[in-house]
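Visitor: Below are the sequence and a predicted model; questions follow.
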Amino acid sequence: MFHVVCVAAARPNFMKVKPVLDALEALGTRTTLVHTGQHYDPQMSDVFFEDLGLRQPDHRLGVGSGSHAAQTAGVMVAFETLLTELEPDAVVVVGDVNSTMACAIVAAKAGCLVAHVEAGLRSRDWDMPEEVNRVVADRVSDLLFAPSQDAVDNLRSEGYRADQVRLVGNVMIDTLLANLPRAHALNVPHRFDLPSNYGVVTLHRPSNVDDPVVLRRLLEALGQVSTEIPLLFSVHPRTAAHLEGMGAPPGISLVEPLGYLDFLGLQASAAIVLTDSGGIQEETTALGTPCLTLRENTERPITITHGTNQLVGTDPTRIVEGARRVLQAGVEPRCPSLWDGNAGVRIAESIKESLSNNTRLRPTDTPSRSL
Ligand code: UD1
Ligand code: UDP
């Protein structure tokens, strides 16, 4: 029986790892779930285990917060010790957080087959820590599971071989489709005293929230939008630290980070979502909910070309005008192909096949073109 270690670390990882874990187990694979502890508050971690029915981690590395180097190094040291003990056949990492990169590097050096779920996304913005994490995780992985054709194209243009790159669809949408009926049944907008027409906000990119001048300007723009439609703002812990003392405009309700089902229920019935989150750009596309992304770029252009997302940047005028346009005209719902609820199964089958054939698609075999 093959043994596969799956790594989860931060809020957006839990919904990505769940379908892969389930599908691997359905194929008779032995799985071990490792939580690095990058996110640790109950509302950033425990709540997702409850909401998603994700089994408790087999190992917790308890790394916690720190500078990029301290956090990455902490994960690497702890994960290396664990891998020496476990000696798995493969390690699956998801997404683009520091723990993703850290565990991919350690697994590659331990000689395991490394699979990166959500490979090939590129913002081409090197100021984003996630861009570094994505590129490094891809580079040391054997199997590159791409959620969309643009991600495949990025990888191919960087020189990765066709047999390393697998277009499998979007695991986050597997989890969304599996849980949407439960989320609807919770009648979440009513529980939050929201009228039928409301908007949802999240912000946590360092470029948007770490500088008080930038954050205040965004808050003022959101304040203007909230004169047209009430906004519920789920405040990420990074943002909470910077919002302290700023106060929110009267049309914006600030709430603690929400559980998955509550947040999904809110997104599903919202007239508009304003965000800088990667995952939320994808979820709003799958739900057909209009999304304005308050960033200058996105690693998920598919949500613009084949979804409901628009990039409005961080200029207040563009944000307010963009919101007015969406609220008046709406957007046409559409969804990328293969975002169909079966990405986890495709990934598990692909990993099992590679392990059965003993095919190591090492990145060292990648030809010519440099990154
Ligand atoms: C991280 C990821 C980002 C992802 C986001 C998802 C990196 C570099 N960044 O950003 O890609 O989009 O998670 O939410 O990996 N904190 C708490 N409680 C927690 C976790 C964090 O209070 O449970 C606070 C700490 O003060 C910490 C800060 O939030 O220093 C930032 O946490 P960190 O995990 O370093 O980065 P995020 O901004 O959460
Ligand atoms: N999410 C949640 N509660 C919230 C805000 C977000 O459950 O209050 C979920 C959201 O539905 C998505 C994921 O968290 O599944 C996105 O995580 P985040 O925005 O923190 O990270 P990113 O996707 O930008 O890396």
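Guide: Alright, I've got the coordinates. Ligands and ions are numbered 1, 2, ... in the order given.
Visitor: Ramachandran coordinates for the residue in the stretch 201-350 of the chain positioned nearest to ligand 1?
Guide: Here the stretch 201-350 of the chain gets closest to ligand 1 at one residue, Pro237, 3.3 Å apart by C-beta to the nearest ligand atom. C-beta here means a position set from N, CA and C on the backbone, and glycine is covered the same way. In this entry, Pro237 is assigned phi and psi values of phi -60, psi -40 (degrees, to the nearest 10).
Visitor: ok, it - contacts?
Guide: Under the criterion of C-beta atoms under 8 Å, 6 or more residues apart in numbering, the contact list for Pro237 reads 41, 44, 257.
Visitor: pLDDT and neighbour count for these - can I get that in JSON lines?
Guide: Below are these laid out as JSON lines (pLDDT from 0 to 100; neighbours: other C-beta atoms under 10 Å):
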{"residue": "Asp41", "pLDDT": "98", "neighbour count": "12"}
{"residue": "Met44", "pLDDT": "98", "neighbour count": "17"}
{"residue": "Pro257", "pLDDT": "98", "neighbour count": "21"}
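Visitor: what ranges do the strands span in this protein?
Guide: 3-8, 30-35, 59-60, 90-94, 113-117, 143-146, 165-167, 199-202, 231-234, 252-255, 272-275, 291-293, 309-311 (DSSP state E).
Visitor: most tightly surrounded among those?
Guide: Each of the strands of the chain was scored by mean neighbour count; the highest is strand 90-94, a mean of 29, by mean count of other C-beta atoms under 10 Å.
Visitor: who does that strand touch, helix- and strand-wise?
Guide: strand 3-8, helix 11-26, helix 98-110, strand 113-117, helix 343-356 (3 or more C-beta pairs under 8 Å, 6 or more residues apart in numbering; DSSP states H and E).
Visitor: In the second one, which residues are buried?
Guide: What it means is helix 11-26. Going by neighbour count (16 or more other C-beta atoms under 10 Å), the buried part of helix 11-26 is 11-24.
Visitor: Could you identify the longest helix within this protein?
Guide: In the chain, with assignment by DSSP state H, the single longest helix is helix 68-86.
Visitor: re earlier: any idea how far the residue of the stretch 201-350 of the chain closest to ligand 1 is from ligand 2?
Guide: 10 Å (C-beta to the nearest ligand atom, to the nearest Å).
Visitor: would JSON lines of the contacts of Pro237 with distance to Glu131 be doable?
Guide: Listed next are those as JSON lines, based on distance: C-beta to C-beta, whole Å:
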{"residue": "Asp41", "distance to Glu131": "26"}
{"residue": "Met44", "distance to Glu131": "22"}
{"residue": "Pro257", "distance to Glu131": "24"}
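Visitor: Spell out which residues of the stretch 1-150 of the chain are next to ligand 2.
Guide: With the criterion set to C-beta under 6 Å from any ligand atom, the stretch 1-150 of the chain comes near ligand 2 through 11-12, 15.
Visitor: so which of these also contact ligand 1?
Guide: Near ligand 1, by the rule C-beta under 6 Å from any ligand atom, you find 11-12 out of those.
Visitor: if we take the residues of the stretch 1-150 of the chain next to ligand 2, which one ends up nearest to ligand 1?
Guide: Arg11 (4.3 Å).
Visitor: What's the per-residue pLDDT of the closest one here?
Guide: Here, the pLDDT recorded for Arg11 equals 98.
Visitor: my read: it touches Ser45, true?
Guide: Yes: assessed by C-beta atoms under 8 Å, Arg11 is found in contact with Ser45 at 7.4 Å.
Visitor: does His116 have beta-bridge partners, and which?
Guide: Beta bridges link His116 to Val93, Leu144, judged by DSSP bridges.
Visitor: and it, what does it touch?
Guide: 93-94, 100, 104, 137-138, 141, 143-145.
Visitor: what's the answer for Val132, then?
Guide: Applying C-beta under 8 Å, 6+ apart, the residues near Val132 are 101, 126.
Visitor: Against Leu113, how distant is it?
Guide: Per C-beta to C-beta, to the nearest Å, Val132 is found 23 Å from Leu113.
Visitor: what touches both of Arg11 and Ser45?
Guide: Going by C-beta under 8 Å, 6+ apart, residues that sit against Arg11 and also against Ser45 are His39.
Visitor: just the contacts of His116 that are near ligand 1?
Guide: Answer for the contacts of His116 near ligand 1: none qualify (C-beta under 6 Å from any ligand atom).
Visitor: now, the most widely separated pair of these?
Guide: Thr100 and Leu143 (14.3 Å; C-beta to C-beta).
Visitor: Low-confidence stretches in the stretch 251-371 of the chain?
Guide: 360-371 (pLDDT under 70).
Visitor: Now the phi/psi pair for the nearest residue to Leu121 once chain neighbours are set aside, please.
Guide: Take Leu121 and drop its neighbours on the chain: the residue closest to it by C-beta to C-beta, 6 or more residues apart in numbering is Glu299, 4.0 Å away. Torsion angles at Glu299 (phi, psi; degrees, to the nearest 10) stand at phi -80, psi 0.
Visitor: same deal with His306?
Guide: Torsion angles, degrees, to the nearest 10, at His306: phi -130, psi 20.
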